[in-house]
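> Quick one, structure for this:
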Amino acid sequence: MIRGLLVLVILLALGALKLPMERDLAAVHRQEHFRGVEFNLDLREKIGQLGFIAALSGFRSIVADGLFIQAHVAWERTEWGRVLLLFQHVTTLQPRALLFWDMAAWHMAWNASVAAMNDRTQPRLALRVKAQREYFALGKDFLERGIKNNPDRPELYEALARLYKEKYKDHERASEFFGKAAALPGARTYDRRFSAYELSYCEGREREAYERLRQLYDKGEKERLPTLISRLKVLEDKLGIPQDQRIPDSKSLQH
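As a prediction, this is how the structure comes out:
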């Protein structure tokens, strides 16, 4: 009892010392699209009184790391409801940590969705598919909220593009988010190319995709990868590109 009170007093004292600094950082957080932390009774119940006070006292990262470890343990036990709950709290505490949003989405849209589809305790396929799609939606929600908190970083746009591509089979939306990732500082070199690839599968947008792929091809050998060349060939046939404007058939594929 005495030890708990002592810890409580220390945390509150440290929090008071940090308060002026926190005020100074508030404006910076707003500029960086920091959405804030929702400290409510639900969060307090889940992380415990001392953990809640620690978060209020400026130790959000420590509490979040502890919850992240608990989420990993829950994943190993395939306790998907607990994984979801813990990641909701982790991302609330640390909304600028990209890893937490990305991992939360991966666990929901990939791991939990596969487990739902392979659930032998549910004999009805329709219900397994329904559960699978609900996990897709949870993963998408994590990434969308992560992007709202981190609109200046390309990683979560890219992750959302992969989700649309691999889980929803939505090439147009995948192209859109690969393109958004490509437009940001620090984007991977393949994001622009992947955006064009995905667009090439969209009915009615073949001409746009062809022009984007051809622009990449014309940049030189480094862009002339097997997938880019094969998609260009498909679009050349589909659009009826004149033979004298097509890329050479004899061009060797570069890896």
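
> dump the residue contacts of Gly139.
Residues near Gly139 by Cβ atoms under 8 Å, 6 or more residues apart in numbering: 104-110, 113, 163, 167. Using the backbone N, CA and C atoms, a C-beta is placed for each residue, glycine as well.

> In helices only, show me the residues you listed.
If you go by DSSP state H, the contacts of Gly139 have 104-106, 113, 163 in helices.

> any idea which of the residues you listed is closest to Val90?
When those are compared for distance to Val90 (Cβ to Cβ), Ala104 wins out at 7.3 Å.

> Would you confirm that Asp102 contacts Ile147?
No - checked against Cβ atoms under 8 Å, the pair Asp102 and Ile147 is beyond contact range at 11.0 Å.

> Any buried residues in stretch 203-210, and which?
Buried residues in stretch 203-210, counted by 16 or more other Cβ atoms under 10 Å: 205-206, 209-210.

> Mind checking which of these land in strands?
When these are checked against strands (DSSP state E), there are no matches.

> Export those residues as CSV, with columns for distance to Pro226 and pLDDT.
CSV is the format used below for the buried residues of stretch 203-210 (distance: Cβ to Cβ, whole Å; pLDDT from 0 to 100):
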residue, distance to Pro226, pLDDT
Arg205, 22, 97
Glu206, 20, 97
Ala209, 17, 98
Tyr210, 17, 98
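
> Closest to Phe194 out of those?
Among the buried residues of stretch 203-210, Ala209 lies closest to Phe194 (Cβ to Cβ), at 11.9 Å.

> And that closest one, how far from Gly146?
Distance of Ala209 to Gly146, computed by Cβ to Cβ, to the nearest Å: 28 Å.

> likewise Glu79?
From Glu79 to Gly146 the distance is 22 Å (Cβ to Cβ).

> For these two, indicate the residue with more neighbours.
Higher neighbour count among Glu79 and Gly146: Gly146, with 26 against 14, using other Cβ atoms under 10 Å.

> so who does the more buried one touch?
By Cβ under 8 Å, 6+ apart, the contact list for Gly146 reads 91, 95, 98, 101-102, 105, 156.

> Repeat the analysis, applying 7 Å as the threshold.
The neighbourhood of Gly146, defined by Cβ atoms under 7 Å, 6 or more residues apart in numbering, consists of 98, 101, 156.

> Report pLDDT for Ala196.
You'll see Ala196 listed with a pLDDT of 98.

> Contacts only, for it.
209, 212-213, 216.

> which residue sits closest to it, ignoring its sequence neighbours?
Spatially, and ignoring its direct neighbours in sequence, Ala196 is nearest to Arg212 (4.2 Å; Cβ to Cβ, 6 or more residues apart in numbering).

> Thanks again, I'm all set now.
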